[in-house]
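Peer 1: predicted model follows, preceded by the sequence.
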Amino acid sequence: MILAQIIEQLFKKPATNKFPAKYMPKSIISFLKSGKPIVPPVPTPPRFRGKLIYHRDKCVGCEQCGRVCPANVIQFVPQEKKVRFYLARCTFCGQCTDICPADAIEMSNEFLLADYNKYSKNLVLE
Amino acid sequence: MVQLFWGSVVILFGGVILGLIYQGVDRKLAARMQARIGPPIVQPFRDIKKLLVKENIVPENAIPWIYNGAPFLALAAVVTVLFYLPLGDQRPLFSGYGDLILVLYLLALPAVALAIGGFASGSPYAVIGAQREIVMMMSYELPLAAAIVALAWRLDRALPGITAFSLKEIAAHPIWAYLGPLGFIGAILLVGVLLLVMPAELSKIPFDIAEAETELAGGVTVEYSGRNLALLRIADAVKTVVMGALILALFFPYRLGGVLGLAGAAGGVVDTVFFLVKLFLIILIAVTIVRVAAARLKVSQVAYSFWVPLTGVALAGLVLIVLDGLFFM
Amino acid sequence: MARVTDERTYYTIPIGPTHPSLKEPLQFAFDLEGERVVDVEIKPGWNHRGVEVLGMKRNPLQTLYLAERICGICSVSHLIAFSRAVENALGIPVPPRAEYIRVIIAELERIHSHILWAGVAAHELGFDTLLHLTWRVREQVMDILELLTGNRVNYALVTIGGVRRDITKEQEPLVRQALRYYKDLLEMLVDAFLHDPTIELRTRDVGVLSYKDALELMAVGPTARASGVKKDIRVDQPYLAYPALELSPITPDLFRPEIHGDVYDKIIVRLLEIEQAIGLIEQALAKMPEGEIGHATKEEMTELLVQIKEREGEGIGRHEAPRGELFHYIRFQADSEIPILWKVKCPTYSNLMSYRPMFQGAQIADIPIIIACIDPCIACMDRVIVRRDGREEVWTAEQLLAKSWEKTRRLKG
Ligand code: SF4
Ligand code: SF4
């Protein structure tokens, strides 16, 4: 019966992960800027597909990544024979990472990418 | 006169604050039972504050004066009941011959007000909600009345000198001392009935069919916003205290101060705390746990279960108490 | 709002496109007599996203991730059906190990989808505690999926001609551990749902879909199976590694002797399917052969793109998604990597028709749970919406048939 379960739960710790704080701060931005310790998010497993890392020096400019990217994240810059990523569109499928012949793209485990500006520094990768 | 005025101001605000605090506690405990953290206990106050600064929208096809008047009526009715209830160590502010009957009527008033407001808001969801509210009311009134009448009659029988239909007297003479074995069983049945009537009266799951979020998107209250909704919320919170205090006054009016031999201010504090704890337990059992552990019933199922089994139990309790009164004197 | 038909007055209440009991936009107009539903009119088309057209502008390797996003809950189902369609069309082989991995992911997804559904159903019944409970225990399977694929939702694991990641030796015990967790849990879930008096009161003989209606209206998936129709693509037309696994369609008579076809039976079927999925994953883990997983290396992937460009053909892909049969059709021309036609038929589309018999005679209070009981996924389902001069036209079956004849003639030249 569910009754036993709920009474038991009453005396147990809640399952919620209190990320980034137990209750919504008055202002999230000033909370994050204040440098107070934040409750960490749930850990990510190995080989997690997070924010891309681009090794510009390794890239040979073959344009393969742009051909398979489903979200048109990747723009080819012909003058430099390099690519540029607009990560606000990225769907984290990892297809570009898999196909890149020069291993120039990698996936990190960073996933806190929310931003007001989709062209912010953090979201445009060169 | 002055004392009466200040008394009613204190009870009015005290009742509202107490109601909102208990609502916060209820939400917190329900959240913990569901393994959530839940809102802070002051959240209901914040909700009310926010509602009060929000726009008060009156739908185009509503009847404004009824629509706006209903929340006031609901709140006024429950607060008036508060004046008649013995709270903590306090004797009720008003009392008199037969105030129990008055309380019964006043308790029905918020539901009626809500139903009228629902009909007046001109939304099909609200109209269905209002119809359900009325059906609900008709369902739980009979068991409630049966329980209360049985109790008062038995007390009158035991102590012929007092005005038994007065809450003050009932609270002053806890019923259990005057009951024989049959009456004892009957009274226990009646306590059970009242504990089930309480969530129905308060429109809480499994009896929240008049508001039924997933079916009627809020039902009777669907069109209400801003100040009106705040009043309804407050009325709901106060009603929780009222129902709890009523059950306490009827069946568990015991005080700790006298038992511990405390008098004066200390006794008052102990009594008040004890009352708050009793109230908390009643709300925990009849509202929080029930609403966490059940699904919403259908209106036909509620009507049936209140009219047939529950009324049956209430009548059985009544009969037992009457027999007790007749043969075990 | 009153409408007079046969000298009786029915009230019409609209539910949707937005309503608390709907998780996605869909519109119903209920004719009511008191609290009783007399008839219902269903109007889809509020969530048409033009996914198929987008898919006809991209190469299949890109469309994979688009197909996956048709639905967030049965995403790998769309991926499997889509890649099977492409593989059929272009004749691309899939190595056996990849087929097993696909089965494992698909069944993990079934566990998570059914648990999610159970929570939604509980919420529609006003039983929020079970909603919180089920969604809490769902985390475990989400974590396992994240571990195996790198993503929590939209796993991006299946690719054309194989899968993109192998299940390693270190991961297997973790999967087994999660399966054990769900095995223990299942007893509690069955207890909380099927032995709860209020749930039984609210769902027994509510939303009844008779065996005959289920057959005639072509219901699929758990909706059909709850009415006793033994229909399951995994058994009827085995694919992937399913032929090698022990499996039979789940009907409610495995739990209670008689079949009612009501919402209660649908809960039974879905809970038992969780158990079945656990069994299937265990079998698959045990039987999984060693070897290739297909098109995982860079050269293979580039090679694949070339093949897609060169070859032509048409193919279908079917998969038993958690909600029922899912169907993808795709057609390629030579010298183009972009398909000229892609068609998706998702289970909700087949199940939508069964709403009408389920609603007739129901009460208002039953509406949310009946809406939820086919586990509708509107975003997958919305296909056709015609707007012209600001006016919507609904085409009848005859008109559509005439249109398609016309088009066939035009194609033939
Ligand atoms: S991860 Fe996917 S969506 Fe993101 S850039 Fe790479 S291919 Fe494009
Ligand atoms: S695939 Fe790799 S090497 Fe080629 S352009 Fe993209 S990042 Fe550069």
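Peer 2: On my side now, so go ahead. Numbering: from 1, shown residues only, chains lettered A, B, ... in the order given. Ligands and ions are numbered 1, 2, ... in the order given.
Peer 1: from ligand 1, how far out is A:Ala104?
Peer 2: Using Cβ to the nearest ligand atom, to the nearest Å, we find A:Ala104 at a distance of 12 Å from ligand 1. C-beta here means a position set from N, CA and C on the backbone, and glycine is covered the same way.
Peer 1: quick one: contacts for that residue?
Peer 2: Listed by Cβ atoms under 8 Å, 6 or more residues apart in numbering or on different chains, the contact set of A:Ala104 reads A:Tyr54, A:His55, A:Arg56, A:Lys58, A:Cys59, A:Val60.
Peer 1: how about a cut-off of 7 Å?
Peer 2: A:Tyr54, A:His55, A:Lys58, A:Cys59 (Cβ atoms under 7 Å, 6 or more residues apart in numbering or on different chains).
Peer 1: and chain A, what are its domain boundaries?
Peer 2: A:1-42, A:44-126 (automatic domain parsing).
Peer 1: ranges for the strands of chain A?
Peer 2: A:52-54, A:74-77, A:82-86, A:105-107, A:124-125 (DSSP state E).
Peer 1: how about chain C?
Peer 2: C:2-5, C:8-15, C:27-33, C:36-43, C:158-159, C:162-163, C:313-321, C:324-332, C:341-345, C:386-388, C:391-393.
Peer 1: what's the closest of those strands to ligand 1?
Peer 2: strand C:158-159 (12.3 Å; Cβ to the nearest ligand atom).
Peer 1: what about that closest one, average pLDDT?
Peer 2: The predicted model assigns strand C:158-159 a mean pLDDT of 86.
Peer 1: for B:Met33, list the residues it contacts.
Peer 2: A:Ile6, A:Gln9, A:Leu10, B:Val292, C:Thr129.
Peer 1: tell me how many other residues surround residue 102.
Peer 2: No chain in the question, so chain A it is. A:Ala102 has 15 neighbours, counted by other Cβ atoms under 10 Å in any protein chain shown.
Peer 1: wrong one, I was asking about chain C
Peer 2: By other Cβ under 10 Å, neighbour count at C:Arg102 equals 27.
Peer 1: out of the contacts of B:Met33, which sit inside helices?
Peer 2: A:Ile6, A:Gln9, A:Leu10, B:Val292, C:Thr129 (DSSP state H).
Peer 1: now the buried members of these.
Peer 2: The neighbour count (16 or more other Cβ atoms under 10 Å in any protein chain shown) marks A:Ile6, A:Gln9, A:Leu10, B:Val292, C:Thr129 as buried among those.
Peer 1: may I ask which two of the residues you listed are separated the most?
Peer 2: The span of those, defined through Cβ to Cβ, is set by A:Leu10 and C:Thr129 at 11.6 Å.
Peer 1: now do the helices in chain A.
Peer 2: A:2-10, A:28-33, A:64-68, A:95-99.
Peer 1: show me the shaky parts of chain A.
Peer 2: For chain A, applying pLDDT under 70 flags the ranges A:1.
Peer 1: now swap in chain C and tell me
Peer 2: Chain C contains residues with pLDDT under 70 at C:1-9, C:296, C:379, C:382-396, C:413.
Peer 1: how about the residues of it near chain A?
Peer 2: C:58, C:61-62, C:65-66, C:129, C:136, C:146-147, C:150-151, C:156, C:164, C:192, C:196, C:298, C:301-302 (Cβ under 7 Å from any Cβ of the partner chain).
Peer 1: redo that, cut-off 6 Å
Peer 2: Proximity of chain C to chain A (Cβ under 6 Å from any Cβ of the partner chain) is limited to residues C:61-62, C:65-66, C:136, C:146-147, C:150-151, C:156, C:192, C:298, C:301.
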